[in-house]
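[1] have a look; sequence and predicted model below, questions after that.
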Amino acid sequence: MQKKKSRPDHRVYYWMILPAIFIYAALYLYPAISNLRYSLTRWDGIGTPKFVGLHNFTNMLTNDDLFFKVLGNNVRFSLLVVTLQTAFALFFAIFLVKNTRTTIFLRTLYFFPTILSSVSVAMIWLFLYDPNFGAINVGLKKFGLNSFALNWLGSENSALYAIAFTQIWFHTGQMMVIYIAGLQQIPLELYEAAEVDGASKWQQFKSVTWPMALPTTAVVIAYTTIQSFRAFDLVYAMTQGGPNNSSSILATLIYLTAFNEFRLGYAAAQSILMVITIVILTLVQRRVIRTKYGV
């Protein structure tokens, strides 16, 4: 008589994932709930939090000009970084998609800035942007372009864009690697068929590469958007949000509100609105790509 197979005890799987659930709850879920709770209080980080309801949010949305100025900075910073970083990453990926010694070396070279710390990158570009002996201004003056030599980080008109360019240089290689992984999944038969039909390289890009790379593009855009809102260390190390908050983003504003002004409840409310802004932008980007390209 054949023995009946014993059914596996699924309870062991729940025990196996329990440590991961505990770590997630302790390091992410509990701080998020605490942040939401503190956003409803007036708290200096020392005394007892005083419950004020939605006052922090209503004050921020109706009576805080600085918040809206910094929000505008962050949106402009994000749009610039997302647009140029995505374009450069795709451009490099197209030319480096084949696995040869040269392309592998160039991939490594372009990816190298990503492994540096944000503070190290900030120090490098602080030197390059120096108005007196920085390599950028020295080079411009050597070619007779003195009018283009600026105080890049000391001017309200250029500081935000200078940091945005640094952010693009910092992370383009990382997005390039993601694009290469996506492009290598495109069947070569599609390109061969396009060549047989007499399609030019540009037509192949429009008809094959770009449509097939759209799912990867959606990932790159979403990740780059989140990166651009989390660029606290780069901005703080380069300008601390100055001059006159012209280069401040939401992450630096939250830090200064919490640890310079000791308004931790208000900073918690700012952080929640930052997360909501990121979610809205990401959903809008996703909806645009899905509506226009059917991805």
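    Arrived safely.
[2] this structure: helices as residue ranges?
    Across the chain, reading from the start of the chain, the helices by DSSP state H fall at 11-24, 30-38, 55-63, 65-95, 101-111, 118-129, 135-142, 159-183, 188-196, 201-204, 210-229, 232-238, 250-259, 264-293.
[3] want to try CSV for those helices, with mean neighbour count and mean pLDDT as columns?
    The C-beta positions use only the backbone N, C-alpha and C, and glycine is treated the same way. Below are the helices of the chain laid out as CSV (neighbours: other Cβ atoms under 10 Å; pLDDT from 0 to 100):
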stretch, mean neighbour count, mean pLDDT
helix 11-24, 10, 86
helix 30-38, 13, 93
helix 55-63, 14, 94
helix 65-95, 18, 95
helix 101-111, 13, 94
helix 118-129, 17, 95
helix 135-142, 14, 93
helix 159-183, 21, 96
helix 188-196, 12, 90
helix 201-204, 12, 91
helix 210-229, 19, 92
helix 232-238, 21, 95
helix 250-259, 21, 94
helix 264-293, 17, 88
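[4] in TSV: those, plus distance to Ala149.
    Output for these, formatted as TSV (distance: least, Cβ to Cβ, whole Å):
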stretch	distance to Ala149
helix 11-24	50
helix 30-38	44
helix 55-63	39
helix 65-95	22
helix 101-111	28
helix 118-129	11
helix 135-142	4
helix 159-183	13
helix 188-196	45
helix 201-204	37
helix 210-229	27
helix 232-238	18
helix 250-259	27
helix 264-293	35
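[5] quick one: which of those helices is nearest Ile46?
    If you check each of the helices of the chain against Ile46 by Cβ to Cβ, helix 264-293 wins as the nearest, at 9.3 Å.
[6] list the helices and strands the closest one packs on?
    Using 3 or more Cβ pairs under 8 Å, 6 or more residues apart in numbering; DSSP states H and E, the elements in contact with helix 264-293 are helix 30-38, strand 41-42, helix 55-63, helix 65-95, helix 210-229, helix 250-259.
[7] now with 7 Å, please.
    For helix 264-293, the helices and strands in contact under the criterion 3 or more Cβ pairs under 7 Å, 6 or more residues apart in numbering; DSSP states H and E are helix 30-38, helix 55-63, helix 210-229, helix 250-259.
[8] and Thr209, how far from Thr257?
    45 Å (Cβ to Cβ, to the nearest Å).
[9] what of Ala194?
    Here the criterion is Cβ to Cβ. By it, Ala194 lies 54 Å from Thr257.
[10] was I right about Leu160 contacting Val75?
    No: shown here, Leu160 and Val75 do not form a contact pair, counting by Cβ atoms under 7 Å, at 11.0 Å.
[11] a markdown table for the helices and strands packed on helix 264-293, including distance to Phe88?
    What follows is the helices and strands packed on helix 264-293, written out as a markdown table (distance: least, Cβ to Cβ, whole Å):
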| stretch | distance to Phe88 |
| --- | --- |
| helix 30-38 | 34 |
| helix 55-63 | 35 |
| helix 210-229 | 11 |
| helix 250-259 | 23 |
